[in-house]
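A predicted structure for the sequence below; I have some questions about it.
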Amino acid sequence: MQKSLRTQASRLIVATACLAIALPATAIGFGTVRGMGQDAEHGRITRHALACSATRSGNDCFQEDSLDSLAGDPGSFGAVGAPDRGRGMLTSYAHCSAGDYLDIAGYPRSQAEAQASLTECREQMMSNLDHAVIDAADLLDDDGNIRSSQIPGFISCVYAGSQHGRAKCNVLAHLGLILHASQDFYSHSNWVDNHDPSRPIGSENPPGLGNEGPAPWLDLRQSNIDFPEGLISGCFDNESFIDEASGCVYGNEGAHRVRHLNLAKDTGPIDPQIGVGTTERGAIGDNFRRAVEAAIEDSADKWATFRERLVETYGAEHGNRMACAITHDDPTDDCE
């Protein structure tokens with residue numbers, strides 16, 4: 001069954017695509033480690049969004065070991081932290097960075113260029129969603145039963161490079177990339193935040209959009225959706241990755257573009273409750289709280305979107321069994 005299911009999913013995704021066509025800690029995003037100014041913010045957000053609780057159970061949540069593999073446990077990046085290691089640190093689309101623009105004379109990037117950078121981030125999320133749906137086919141055998149050989153002991157899931165091993169690891173790897181980018185969208189962009197009202201608007205104090213909750217533009221159920229007016233994120237280049245003070249400059253006077261640090265809401269307390277952000281932008285008003293809450297809600301919605309895609313592609317019985325295999329620690333017993 002797994003080969004025919006993969007073929008079915010691949011054909012559906014190609015058809016959908018055709019219709020659509022008609023670093024240093026401060027330079028990455030929400031934190032993935034405990035230390036160096038970070039407190040595993042990505043993992044905490046993922047757990048708030050997807051951990052089982054009194055109000056969240058079944059395929060709506062991840063059991064303990066499966067959640068550890070996705071969100072990372074102490075000493076582990078997990079799937080959601082993978083973009084913060086290796087070459088992932090240097091790809092702007094993995095973090096929804098490089099979308100900087102200001103409507104001022106001489107700014108070296110156009111609004112269209114900024115929009116293209118952020119759109120690339122969204123397209124990568126959609127691509128990973130497509131691949132996760134395809135890889136999920138390998139979770140079931142020809143009779144539609146869980147293939148135990150594709151359910152790892154989680155120590156064997158290595159979220160580095162392009163090969164991750166068994167089917168469940170492969171699906172979790174793609175989900176981690178989606179969640180990381182969507183969470184960084186809220187910490188790196190101006191979707192949720194407000195600028196400092198005591199200072200003039202400019203590259204050091206770029207305008208904020210001040211929204212509450214997830215951005216409809218990041219809803220991956222939709223292929224064509226209007227780009228939000230005024231949406232930007234911080235500059236990203238090799239120099240600024242090493243030292244933000246030396247990168248992202250332009251003109252003879254060395255003026256700087258909107259940098260990562262001018263918008264970043266990357267770090268701050270999340271547990272036992274969301275506190276005040278520890279970055280300059282995050283500390284303004286309730287900017288950090290807004291970013292975290294939007295990231296939690298959007299992360300839960302990304303999992304819901306993936307589950308819907310499984311059912312659409314493979315049917316209710318097989319799609320729900322695949323979701324069960326991904327979320328449950330002992331799916332061969334729990335999901336038949």
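Done, it's in. Residues are numbered from 1 along each chain as shown.

past the top helix by length along the chain, which element shows up next along the chain?
In the chain, taking DSSP state H as the definition, the longest helix is helix 287-314. Following helix 287-314 in sequence order, the next helix or strand is helix 316-327 (DSSP states H and E).

rewinding a little: quick one, the longest helix of the chain and helix 316-327 angle?
140 degrees (axes from the mean of the first three to the mean of the last three C-alpha atoms, to 10 degrees).

what packs against helix 287-314?
Helix 287-314 is packed against helix 2-21, helix 41-50, helix 111-136, helix 167-188, helix 316-327, with contacts defined by 3 or more C-beta pairs under 8 Å, 6 or more residues apart in numbering; DSSP states H and E. (Glycine included, C-beta is placed from N, CA and C.)

for that helix, give the mean pLDDT please.
Here helix 287-314 scores 98 as its mean pLDDT.

ok, and for it, which residues are buried?
287-303, 305-307, 309-310, 313-314 (16 or more other C-beta atoms under 10 Å).

rewinding a little: what's the closest of the helices and strands packed on helix 287-314 to Ser57?
Ser57 sits nearest to helix 316-327 of all these, at 10.0 Å, using C-beta to C-beta.

which is the succeeding secondary structure element to that closest one?
Heading C-terminal from helix 316-327 (DSSP H and E), you reach helix 331-334.

any idea how far Val171 is from Asn128?
For Asn128, the distance to Val171 equals 10 Å [C-beta to C-beta, to the nearest Å].

if you could redo that for Asp103, that was the one I meant.
42 Å.

so between the two, which is more surrounded?
More crowded of Asp103 and Val171, by other C-beta atoms under 10 Å: Val171, with 29 against 9.

ok, so what distance separates that one from Ala79?
From Val171 to Ala79 the distance is 9 Å (C-beta to C-beta).

swap in Gly99?
For Gly99, the distance to Ala79 - C-beta to C-beta - is 24 Å.

which of those two has more neighbours?
Gly99 (29 against 26).

check contacts around the more buried one.
With contact taken as C-beta atoms under 8 Å, 6 or more residues apart in numbering, Gly99 is in contact with 114-115, 117-118, 121, 189, 231-234.

relative to Asn287, how far out is it?
For Gly99 relative to Asn287 (C-beta to C-beta), the value is 17 Å.

and for Leu263?
9 Å.

and Glu293, by the same measure?
Distance of Glu293 to Asn287, computed by C-beta to C-beta: 11 Å.

with Lys265 instead?
In terms of C-beta to C-beta, Lys265 sits 5 Å off from Asn287.

list residues touching both of the two?
Joint contacts of Lys265 and Asn287 (C-beta under 8 Å, 6+ apart) are 192-193, 277, 281.

in stretch 58-71, what's buried?
59-63, 66-71.

next secondary structure after the strand or helix carrying Ser69?
Using DSSP H and E, Ser69 sits in helix 64-71. Downstream of helix 64-71, the next assigned helix or strand under DSSP H and E is helix 78-81.

contact partners of that next one?
By C-beta under 8 Å, 6+ apart, the list of residues contacting helix 78-81 reads 32-33, 42-43, 46, 68-72, 157, 159, 172-173, 175-177, 179-180, 183.

I'd like the average pLDDT over it.
93.

pull out the buried positions in that helix.
78-81.

check these against Pro197 and report the nearest one.
When those are ranked by distance to Pro197 (C-beta to C-beta), Val80 comes first, at 33.9 Å.

narrow the shared contacts of Lys265 and Asn287 to those in helices?
Going by DSSP H, the helices hold none of the shared contacts of Lys265 and Asn287.

considering those residues, which is situated nearest to Ala245?
Among the shared contacts of Lys265 and Asn287, and counting by C-beta to C-beta, the member closest to Ala245 is Arg281, at 16.5 Å.

what's near enough to touch the closest one?
Arg281 is in contact with 193, 261-265, 287, counting by C-beta under 8 Å, 6+ apart.

so what's the residue count around Ala40?
For Ala40, using other C-beta under 10 Å, the count is 26.

so it sits against Gly72, correct?
Yes - using C-beta atoms under 8 Å, Ala40 makes contact with Gly72 at a distance of 6.8 Å.

looking at this protein, which helix or strand is least sure?
The helix or strand of the chain with the poorest confidence is strand 34-35; it has a mean of 48 (mean pLDDT, DSSP states H and E).

what's near enough to touch Trp303?
Here Trp303 is in contact with 49-50, 175 (criterion: C-beta under 8 Å, 6+ apart).
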